[in-house]
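Visitor: predicted structure and sequence below. I'll ask about it afterward.
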Amino acid sequence: MKHDLLAALRPLLAAEARAEAHALGTDPGDLEQEVWLRLLERLASGAPPADPPGWLRRAVRFEARRTRRTRRLERPYGTEPADIGDRDPEGLALALAARRALREAVRRLPGRCPGLLEALLSPRDLTYREIAGELGISQGSLGPERSRCLECLRRLLAPEVAAREVRG
């Protein structure tokens, strides 16, 4: 019975998905796949649609609306304003100089702050648990310690940042 239902709905689904996908500018196969998945989940739960063709049309339109909403919210990589300047040599040099200045300022901090901030800035993207293990402190004290260290870093960098501003 399920196989007959799926075989009977295949042409209708293909036609509906092609029509909606054309309006979206997307691949009809993606819409078909989403609707097949929804239908198979419904059949597996023991609740087949009472009106399969009507359900299928509504499901295609629902998936098309969902795709449209998702597309509006998504942004491709590399289109953020901060990313654009980093591609040219001058932007790369400035970014490198800023990272170097930050690392030098972090090394000048007192106490455990240099180790903690270096761990937070690590390209290994450590978790709080891993950082606490490396530094030999409790995981619960990392947040307050991080806040104190960042405040020290702000105070340390404030004169350097203020000195660079154009006044007049």
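Guide: Alright, I've got the coordinates. Numbers count the residues shown, from 1 in each chain.
Visitor: dump the residue contacts of the residue most central in space within the chain.
Guide: Geometric centre of the chain, nearest residue: residue 74, 9.2 Å, by Cα atoms, centre = their mean. Not one residue lies near residue 74 by Cβ atoms under 8 Å, 6 or more residues apart in numbering. C-beta: built from backbone N, CA, C; applies to glycine.
Visitor: in the protein, which helix or strand is least confident?
Guide: Lowest on mean pLDDT, DSSP states H and E among the helices and strands of the chain sits helix 81-85, with a mean of 51.
Visitor: would you check how far apart residue 62 and residue 140 are?
Guide: The gap separating residue 62 from residue 140 is 45 Å, by Cβ to Cβ, to the nearest Å.
Visitor: these two: who's more crowded?
Guide: residue 62 (13 against 10; other Cβ atoms under 10 Å).
Visitor: quick one: the more buried one and residue 69, what's the gap?
Guide: Residue 62 is 11 Å from residue 69, by Cβ to Cβ.
Visitor: also residue 44?
Guide: Going from residue 44 to residue 69 by Cβ to Cβ gives 26 Å.
Visitor: quick one, helices of the chain?
Guide: For the chain, the helices defined by DSSP state H occupy 2-24, 28-44, 52-73, 81-85, 89-107, 113-121, 128-135, 142-164.
Visitor: mind pulling up the pLDDT for the closest residue to residue 63 other than its chain neighbours?
Guide: Excluding the flanking residues, the one nearest residue 63 by Cβ to Cβ, 6 or more residues apart in numbering is residue 34, at 4.5 Å. What the model reports as pLDDT for residue 34 is 90.
Visitor: what's the domain layout of this structure?
Guide: According to automatic domain parsing, the chain comprises the domains 2-73, 88-164.
Visitor: just to revisit the earlier point, deepest of the helices of the chain, which one?
Guide: Most buried of those by mean neighbour count (mean count of other Cβ atoms under 10 Å) is helix 113-121; its value is a mean of 18.
Visitor: what angle separates it from helix 128-135?
Guide: 140 degrees (axes from the mean of the first three to the mean of the last three Cα atoms, to 10 degrees).
Visitor: what does helix 113-121 rub up against?
Guide: For helix 113-121, the external contacting residues (Cβ under 8 Å, 6+ apart) are 102-103, 106-109, 126, 131, 134-135, 142, 145-146, 148-150, 152-153.
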